[in-house]
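Asks: have a look; sequence and predicted model below, questions after that.
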Amino acid sequence: MARIRVKNLLIRTYIGFNPEELVNKQDVIINLEIETDIPVSAMEVDEPIDIFDYKTITKKIIALVQDGKFKLLEVLTQKILDLIMADKKVKWAKVEVDKPHALRFAESVSMEMEAGR
């Protein structure tokens, strides 16, 4: 079993339900942890044979977030988790989405969700 981490993926999206949030994109910071098996064949020949492709899933997440509009941080986090878990090579995943400056006296607010099979 291997654990892949994507750290501090910074994307701009529409997030929130206040009037200014509905018309202005804001930054979100996404952190992922994904557990998957690495086939012995891939390790023996040092080739991407039947491995989980973290570059492809990252591109899909970027497209989902950039092109979407979300009122709730919970919904955005769940959609990212669902996208990751759609790949049957994923055994377990955890997603954390930070919304910087969401609260006046806090650096950020974050939502974390995980799923496994």
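Replies: Ah, there it is. Numbers count the residues shown, from 1 in each chain.
Asks: specify the local secondary structure of the nearest residue to Ala2 once chain neighbours are set aside.
Replies: In space, and not counting its chain neighbours, Ala2 is closest to Ile38: 5.0 Å by C-beta to C-beta, 6 or more residues apart in numbering. C-beta: built from backbone N, CA, C; applies to glycine. Three-state assignment for Ile38 (DSSP: H, G, I helix; E, B strand; the rest coil): coil.
Asks: immediately after the helix-or-strand element of the chain with minimal mean pLDDT, which helix or strand?
Replies: Lowest by mean pLDDT, DSSP states H and E among the helices and strands of the chain is helix 40-45, with a mean of 86. Downstream of helix 40-45, the first helix or strand assigned by DSSP states H and E is helix 54-67.
Asks: how about stretch 30-43: buried residues?
Replies: Buried residues in stretch 30-43, counting neighbours by 16 or more other C-beta atoms under 10 Å, are found at Ile30, Asn31, Leu32, Glu33, Ile34, Glu35, Thr36.
Asks: for it, what is the distance to the chain centroid?
Replies: 15 Å (C-alpha atoms, centre = their mean, to the nearest Å).
Asks: give me the residues contacting that stretch.
Replies: 1-11, 48-52, 54, 57, 61, 65, 80, 84, 89-98, 116 (C-beta atoms under 8 Å, 6 or more residues apart in numbering).
Asks: pull the most distant pair out of the buried residues of stretch 30-43.
Replies: The largest separation in those, counting by C-beta to C-beta, is between Ile30 and Thr36 at 18.2 Å.
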